[in-house]
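**Student:** how would this look folded up:
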Amino acid sequence: MGRDGIKQIEILGANRFETFSKTREGSRAIIIRDGMILLSHETVSGWWLIPGGGMEAGETPEMCCVRETEEETGLLVRPMRQFLTLHEYYEEYRYTSYYFVCEAVGSGQMRLTDAEKRRGLEPQWLPLKEAVALFSRHQSYAAVSEEKRGSYLREYTALEEYLRSQASSSLEGGSSMNILVVGSGGREHALIKSLKKSPKVETIYALPGNGGIAQDAVCVEIGAKDIDAIVRFAVEKTVDFAVVAPDDPLALGAVDALEAAGIPSFGPTKAAARIESSKVFAKELMAKYGIPTAKCRVFSDPGAAKQYLRSAPLPAVVKADGLALGKGVIIAQTHAEAEQAVADMMENKVFGESGSRVVIEEFLEGPEVSVLAFTDGKTVKPMVSSMDHKRALDGDQGLNTGGMGAVAPNPYYTKEVADRCMDEIFLPTIRAMEKEGCPFKGCLYFGLMVTKDGPKVIEYNCRFGDPETQVVLPLLKSDLLTVMRAVRGGTLGDCPVEFSGGAACCVVMASKGYPQHYEKGFPITLTPDTDTVTTFIAGAKKGDSGELLTSGGRVLGVTATAGTLREAIGSAYEAVGKTHFENAFFRRDIGRRALRKEA
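**Tutor:** Coordinates of the predicted model:
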């Protein structure tokens with residue numbers, strides 16, 4: 001590729017890749033040695049160094065420029081030209097003629113990669129000084145004189161200062177961003193309401209959303225598992241940032257597909273999402289890296305599983321390997337009940353192929369704690385802890401559900417427990433995922449049991465929990481979009497994540513008969529939102545006259561925040577008393593156990 005024609009080149013700017021199909025008109029290119037091209041375009045502020053297609057035979061390795069003036073090239077040219085190709089000239093300039101390339105991505109970071117990238121390896125995101133330190137250990141750096149090394153380091157410092165000065169403008173984006181949120185429940189409504197608070201947000205699309213979410217976002221009838229349609233829509237609408245919330249699309253590779261199309265996205269890759277989509281993968285990961293969890297056995301043969309259960313201690317915990325809408329865990333009180341769970345999962349296929357393997361594990365005792373954590377694959381920043389209420393009926397009776405309510409913070413999550421979790425569970429998990437070649441970026445949910453032997457992992461989720469999100473995000477003081485972009489960009493360590501010192505309670509109102517059979521289509525009367533009370537819609541649709549009608553098992557969640565947990569619970573139930581639809585039911589003891597612990 002010569003300087004006379006730029007056919008299709010990826011331009012690195014505003015912390016993302018954008019593809020421009022342009023000719024020389026409107027573009028300016030500088031060819032730098034070893035196949036590097038410094039490219040500017042009339043729509044881009046500044047110059048950006050990108051990997052080019054290599055130099056053609058016979059081209060000079062000297063720097064060429066369409067308009068070579070200091071005024072146009074500015075500060076970025078010389079530092080990039082010098083330290084982004086820190087090795088001696090090669091006799092031939094071909095596609096693999098460079099070892100290391102660093103690309104400016106904002107906030108003082110570089111993307112460091114090498115020729116191995118051409119074989120599909122993921123590049124590493126590093127702060128500038130870490131990048132140069134890593135390069136300094138490479139053999140090609142040994143030939144560089146001490147004088148040049150000092151020059152390179154000075155150039156690093158100059159570029160770092162420049163990038164940081166620009167971070168709040170071009171590299172952090174403006175205030176007119178189109179956001180896409182994949183999903184349709186109360187969790188997604190909470191995410192959307194939180195994202196709306198950001199001054200950077202202009203439009204939020206919800207795919208598919210629901211009748212209540214439509215008050216806060218543009219809902220589009222595209223299913224959360226229709227990955228191809230989601231990507232087409234995101235590209236068509238020039239989406240600036242996508243948030244994939246549910247487990248199914250994450251397990252299907254929605255983030256991978258969006259990123260491949262040039263849409264920056266929040267959430268783990270398909271490979272990393274296995275931490276939830278396969279219980280077997282998660283248990284094997286914990287066993288390999290010594291992360292505390294319940295002892296278990298894995299079975300792919302139903303007969304062998306039943307035989308094992310006949311002498312297993314009770315209660316026995318039977319888990320479907322794959323995703324099962326939060327219902328793939330049975331705590332069996334008798335051997336007959338345990339064997340029936342195996343039969344339902346493995347033989348009757350009540351969860352489809354998700355039950356082709358089962359995990360049978362020991363029953364752990366102690367209070368449960370939910371901790372959602374932001375992570376960029378290296379840094380972990382836990383959110384405020386929470387307590388979920390899974391059973392359908394008061395007193396933790398009845399069938400397991402997706403969650404009938406939650407409170408935050410969880411009084412069982414003391415500082416001592418939190419410190420142990422960070423040292424023994426959170427950081428080891430993130431490091432294990434990186435070592436396994438599937439670094440986790442996004443929100444990692446830790447389902448924990450505080451046992452007499454210390455905290456242990458019950459389960460991982462690869463996304464925000466529901467209804468935990470509905471009590472955690474209302475307490476978040478930091479800008480959610482900024483935090484999510486830092487997660488995606490690998491800069492979470494430099495991003496403040498702050499929560500208020502109060503408490504929150506969410507009470508879920510469900511359709512009578514949930515989680516089994518229930519009727520739909522009843523009009524909903526809502527209590528107006530206030531500064532401290534918010535309703536998140538989970539299962540509702542718009543009627544022909546624009547009225548809100550029930551359309552799901554969990555219809556809505558009413559969340560209240562207050563200075564104390566007792567006040568938050570009281571406010572939530574007061575608002576529930578003013579919210580109506582036919583056949584509504586809800587638990588009346590959300591937060592009661594937490595209050596007893598506080599007392």
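
**Student:** Looking at the residue most central in space within the chain now. What's its pLDDT?
**Tutor:** With distances taken as C-alpha atoms, centre = their mean, the residue of the chain nearest its centroid is Gly442 (2.3 Å). Among the per-residue scores, Gly442 holds a pLDDT of 98.

**Student:** just the strands in the stretch 351-500 of the chain please.
**Tutor:** Applying DSSP state E, counting those that start in this stretch to the stretch 351-500 of the chain gives strands spanning 358-362, 368-375, 380-382, 387-388, 391-393, 397-400, 405-408, 442-451, 454-461.

**Student:** do the same with the stretch 101-250 of the chain
**Tutor:** Taking DSSP E, counting those that start in this stretch as the criterion, the stretch 101-250 of the chain carries its strands at 109-114, 124-127, 177-183, 201-208, 218-219, 241-244.

**Student:** Can you list the strands that the last one pairs with?
**Tutor:** Sheet pairing for strand 241-244, assigned by DSSP bridges, gives strand 177-183 (parallel), strand 265-266 (parallel).

**Student:** Please apply the same query to the fourth one.
**Tutor:** Paired strands of strand 201-208, with direction, are strand 177-183 (parallel), strand 218-219 (parallel) (DSSP bridges).

**Student:** can I get those strands in a markdown table with mean pLDDT?
**Tutor:** Converted to a markdown table, these look like this (pLDDT from 0 to 100):
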| stretch | mean pLDDT |
| --- | --- |
| strand 177-183 | 95 |
| strand 218-219 | 97 |
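
**Student:** Among these, show me which one is buried the most.
**Tutor:** strand 177-183 (a mean of 24; mean count of other C-beta atoms under 10 Å). Every C-beta, even on glycine, is put in place using the N, C-alpha and C of the backbone.

**Student:** What would that strand look like as PDB? C-alpha coordinates only.
**Tutor:** What follows is strand 177-183, C-alpha atoms only, in PDB (Å, rounded to 0.1, in the frame of the first residue of the first chain):
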ATOM      1  CA  MET A 177     -23.600   8.800  22.200                       C
ATOM      2  CA  ASN A 178     -26.000   6.200  20.900                       C
ATOM      3  CA  ILE A 179     -26.200   3.300  23.400                       C
ATOM      4  CA  LEU A 180     -27.600  -0.100  22.800                       C
ATOM      5  CA  VAL A 181     -28.800  -2.400  25.700                       C
ATOM      6  CA  VAL A 182     -29.600  -6.000  24.900                       C
ATOM      7  CA  GLY A 183     -32.300  -7.600  27.100                       C
END
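
**Student:** which other residues reach that strand?
**Tutor:** 188, 191-192, 195, 200-207, 209, 217, 224, 230, 233-234, 237-246, 249, 254, 263, 481 (C-beta atoms under 8 Å, 6 or more residues apart in numbering).

**Student:** Now list the buried members of those residues.
**Tutor:** Those of these that meet the buried threshold are 188, 191-192, 195, 200-201, 204-207, 209, 217, 224, 230, 233-234, 239-246, 249, 254, 263, 481, by 16 or more other C-beta atoms under 10 Å.

**Student:** Select, out of the strands paired with strand 201-208, the one closest to Ala343.
**Tutor:** strand 177-183 (32.4 Å; C-beta to C-beta).

**Student:** quick one: the closest one to chain centroid distance?
**Tutor:** Relative to its parent chain, strand 177-183 has a centroid offset of 13 Å by C-alpha atoms, centre = their mean, to the nearest Å.

**Student:** Can you list the low-confidence ranges for the protein?
**Tutor:** Flagging of the chain using pLDDT under 70 yields the residue ranges 1-175.

**Student:** can I get the CA coordinates of stretch 289-298 in PDB?
**Tutor:** C-alpha atoms of stretch 289-298 as PDB (Å, rounded to 0.1, in the frame of the first residue of the first chain):
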ATOM      1  CA  TYR A 289      -6.700 -22.800  40.900                       C
ATOM      2  CA  GLY A 290      -7.600 -23.600  44.500                       C
ATOM      3  CA  ILE A 291     -10.700 -21.300  44.700                       C
ATOM      4  CA  PRO A 292     -12.900 -22.300  47.600                       C
ATOM      5  CA  THR A 293     -16.100 -24.000  46.600                       C
ATOM      6  CA  ALA A 294     -18.300 -27.000  47.400                       C
ATOM      7  CA  LYS A 295     -16.900 -30.500  46.700                       C
ATOM      8  CA  CYS A 296     -18.500 -32.000  43.600                       C
ATOM      9  CA  ARG A 297     -18.800 -34.800  41.100                       C
ATOM     10  CA  VAL A 298     -19.600 -34.400  37.400                       C
END
